[in-house]
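K.L.:
Mind folding the following:
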Amino acid sequence: MVAGDAAARGRQRWLVCALLFAATTINYIDRNALSVLKTRLQQPFEGGGLALTDADYGWITFAFTAAYAAFPPLIGAAIDRFGVKRSLSVALVLWSLASAAHGLVSTVLGLVLVRFLLGMAEAAHFPAAIKTVAMWFPQQERALATGLFNAGTALGIMASPVTVWLALTYGWQAAFVAIGAAGLVWLVFWQRGFHAPQQHPGLSAAELAHIRAGQPPATEAVRLPWTALLRYREIWPFLLAKLLTDPVWWFFLFWLPSYLERERGQNPLKSAGLVAVIYLGSSVGSIFGGWLSGHLTQRGWPVGRARLTTMGLFAACMPASLLAYWSDSFALCVALITLATACHQAWSANLLTSATDLFPTKVSGAVIGLGATAGGIGGMFIALLTALTVQWTGTQQWAFVYAGLMHLTSLAIFVLWFRGGFERVDVDAGLDLTRAHRPLLTAGSLVAVLGLLLVGLITAHWEACVAAARFSGAAQALTAAAGLGLIGALLTYAGRAHGQPASLAPLHP
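P.N.:
Here you go, the predicted model:
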């Protein structure tokens, strides 16, 4: 193959990946802006703030988290129906406007509303991004592409000082408006640069053939209710892994600075610098983890074996969290936490990609959306669980234990479930929804009962929960418990017999 042809093969899809990386970075800058400007907003009105209390802040963060966990399945199904270009464009306009609107409201209720809209709109990003990768990349390159755009999460967090600088220089209102406007700038490039591969005017025949290599023939979308996806047994290891391992990222994201300050004796400025180094390491892990499984598939490994081997390698390194906590050396502690965050992001890149290995592109938005909800439920619980362990033991040691063991637990579920190999789900074959699905009915009943028990437990000990985790943590945990009850009801509904089978009528592209 000549050099020019090779260059043509590799150009356009990586430009698409760069657009996704930029969108991910903007996504995390927007969602992280409130936390870094919290102290500014808590100043009195005379000092230019909004006099927010901790309870006010709890309601505001609660609104975002609830929306971010509740809407992904519906939004993912909409992405499958209307396509990624239109869906991500609408979502980004909405979250950019919601982000900018933070600077235009002056009441707690106003912030609750715009924060809810921000969470709802940002819930579209990962389902759309993963679906885009599935459209544009051959199977052996998808994990690398996912790792590359997912590295934008760390860059978005590390860019927080820019938000602070804008607030100090021009005021916190201008900071929100500015970061909201950044998304609209990205939209111009997305509208001009993104097309479906077969419709892209700048795509060479060589690259189109490379993208399609190893992919099943493209077919139209099917009219399959997103609740019906729960009947496929292949989705459950993915959902359970998101439920168990996403909270690890949430834990490091929200609790690592306080750990470095309170239990390791570092000053806030030094802690902020160390957190930046740790998240830089997580970006490297995200990219390397994606590259490794792709490299194995290019060497002839079956996709399932390559993904599980790569996930197993990084899951085996996650007990570094335990060693980090009990290490006497502070330098070794930081190095091991960096390793743990890097391994989590490497795991996450392959976990997200596994959804497109198992399910066709036409339903990948809904599948990723269901996973995002599972991860959101787990993430809301970790806030209260970590706070309770700190209250009861005075340390975060049990949260570190959780972080060290959940990836291995999830890996065991994957291995036992699939026995080392992936088999792609044939959604075109349809589902017989006229018959009840007993495993779903049983699981739904158990989850609903668990959710109701947790709601009762948290409500009965509400003052203790607030004392341990402040209002925001307690409210998030109560929402997660109620969410479990709702999920149980949805599982029961999905498992019930329906009047007609799932239609396979094609949708409009």
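K.L.:
Show me what the helix or strand harbouring residue 365 is packed up against.
P.N.:
Following DSSP states H and E, one finds residue 365 within helix 364-393. With contacts taken as 3 or more Cβ pairs under 8 Å, 6 or more residues apart in numbering; DSSP states H and E, helix 364-393 sits against helix 54-70, helix 72-82, helix 125-136, helix 235-262, helix 330-358, helix 397-418, helix 462-495. Any C-beta I mention is one placed from the backbone N, CA and C, and that applies to glycine too.
K.L.:
Tell me where the stretch 51-200 of the chain is predicted with low confidence.
P.N.:
Within the stretch 51-200 of the chain, the segments meeting pLDDT under 70 span 54, 195-200.
K.L.:
Low-confidence stretches in the stretch 201-350 of the chain?
P.N.:
Those would be 201-223, 268-269, if you go by pLDDT under 70 across the stretch 201-350 of the chain.
K.L.:
can you do 50?
P.N.:
Within the stretch 201-350 of the chain, the segments meeting pLDDT under 50 span 218-220.
K.L.:
on that earlier part again, distance between the helix holding residue 365 and the chain's centre?
P.N.:
11 Å (Cα atoms, centre = their mean, to the nearest Å).
K.L.:
ok, now stretch 418-431?
P.N.:
Computed by Cα atoms, centre = their mean, the chain-centroid distance of stretch 418-431 equals 24 Å.
K.L.:
Check which residues of it are buried.
P.N.:
Within stretch 418-431, the residues that qualify as buried are 418, 422, 425, 427, 431, counting by 16 or more other Cβ atoms under 10 Å.
K.L.:
Packed most tightly, which of the helices and strands packed on helix 364-393 would that be?
P.N.:
Among the helices and strands packed on helix 364-393, helix 125-136 has the highest mean neighbour count (mean count of other Cβ atoms under 10 Å), at a mean of 27.
K.L.:
and the angle from the very next helix or strand once past that helix to helix 125-136?
P.N.:
With elements assigned by DSSP H and E, the helix or strand that comes after helix 125-136 is helix 139-150. Counting by axes from the mean of the first three to the mean of the last three Cα atoms, to 10 degrees, helix 139-150 points 150 degrees away from the direction of helix 125-136.
K.L.:
how close does the residue lying closest to residue 327 once chain neighbours are set aside get to residue 187?
P.N.:
With sequence-adjacent residues excluded and distances taken as Cβ to Cβ, 6 or more residues apart in numbering, residue 327 is closest to residue 333, at 4.7 Å. Counting by Cβ to Cβ, to the nearest Å, the separation of residue 333 from residue 187 is 42 Å.
K.L.:
Residue 313 too?
P.N.:
38 Å.
K.L.:
same check, this time on residue 397
P.N.:
From residue 397 across to residue 187, the span is 45 Å (Cβ to Cβ).
K.L.:
and what of residue 437?
P.N.:
Residue 437 is 41 Å from residue 187, where distance means Cβ to Cβ.
K.L.:
Between those two, point out the one with more neighbours.
P.N.:
The neighbour comparison of residue 437 against residue 187 (other Cβ atoms under 10 Å) goes to residue 437, with 20 against 16.
K.L.:
residues in contact with that one?
P.N.:
231, 494, 495 (Cβ atoms under 8 Å, 6 or more residues apart in numbering).
K.L.:
got these as JSON lines, with distance to residue 83 columns?
P.N.:
What follows is the contacts of residue 437, written out as JSON lines (distance: Cβ to Cβ, whole Å):
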{"residue": "231", "distance to residue 83": "25"}
{"residue": "494", "distance to residue 83": "25"}
{"residue": "495", "distance to residue 83": "30"}
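K.L.:
ok, of these, which one's closest to residue 176?
P.N.:
residue 494 (39.4 Å; Cβ to Cβ).
K.L.:
Could you measure from the residue sitting nearest the centre point of the chain over to residue 331?
P.N.:
Nearest to the mean C-alpha position of the chain, by Cα atoms, centre = their mean, lies residue 372 at 5.6 Å. Distance, residue 372 to residue 331, using Cβ to Cβ: 36 Å.
K.L.:
swap in residue 467?
P.N.:
35 Å.
K.L.:
Then residue 478?
P.N.:
Plainly put, residue 478 is 40 Å away from residue 331 if you go by Cβ to Cβ.
K.L.:
again, but for residue 263
P.N.:
For residue 263 relative to residue 331 (Cβ to Cβ), the value is 15 Å.
K.L.:
Find the nearest non-adjacent residue to residue 365, please.
P.N.:
Per Cβ to Cβ, 6+ apart, closest to residue 365 is residue 79, 3.5 Å.
K.L.:
just checking, that neighbour touches residue 367?
P.N.:
No - using Cβ atoms under 8 Å, residue 79 and residue 367 do not qualify as a contacting pair, with a distance of 10.7 Å.
K.L.:
sorry, back to before: tell me what angle the helix holding residue 365 forms with helix 462-495.
P.N.:
Going by the same axes, to 10 degrees, helix 364-393 makes 150 degrees with helix 462-495.
K.L.:
list the buried ones in helix 364-393?
P.N.:
Those buried within helix 364-393 under the rule 16+ other Cβ under 10 Å are 364-390.
K.L.:
check contacts around the residue nearest to residue 327.
P.N.:
Per Cβ under 8 Å, 6+ apart, neighbours of residue 333: 264, 324, 325, 327.
K.L.:
Let's see that with 7 Å instead.
P.N.:
Residues near residue 333 by Cβ atoms under 7 Å, 6 or more residues apart in numbering: 264, 324, 327.
K.L.:
Who wins on neighbours among these?
P.N.:
Highest neighbour count within the contacts of residue 333, by other Cβ under 10 Å: residue 324, with 22 neighbours.
K.L.:
if I look at the closest residue to that one other than its chain neighbours, how far off is residue 147?
P.N.:
Spatially, and ignoring its direct neighbours in sequence, residue 324 is nearest to residue 336 (3.6 Å; Cβ to Cβ, 6+ apart). Going from residue 336 to residue 147 by Cβ to Cβ gives 21 Å.
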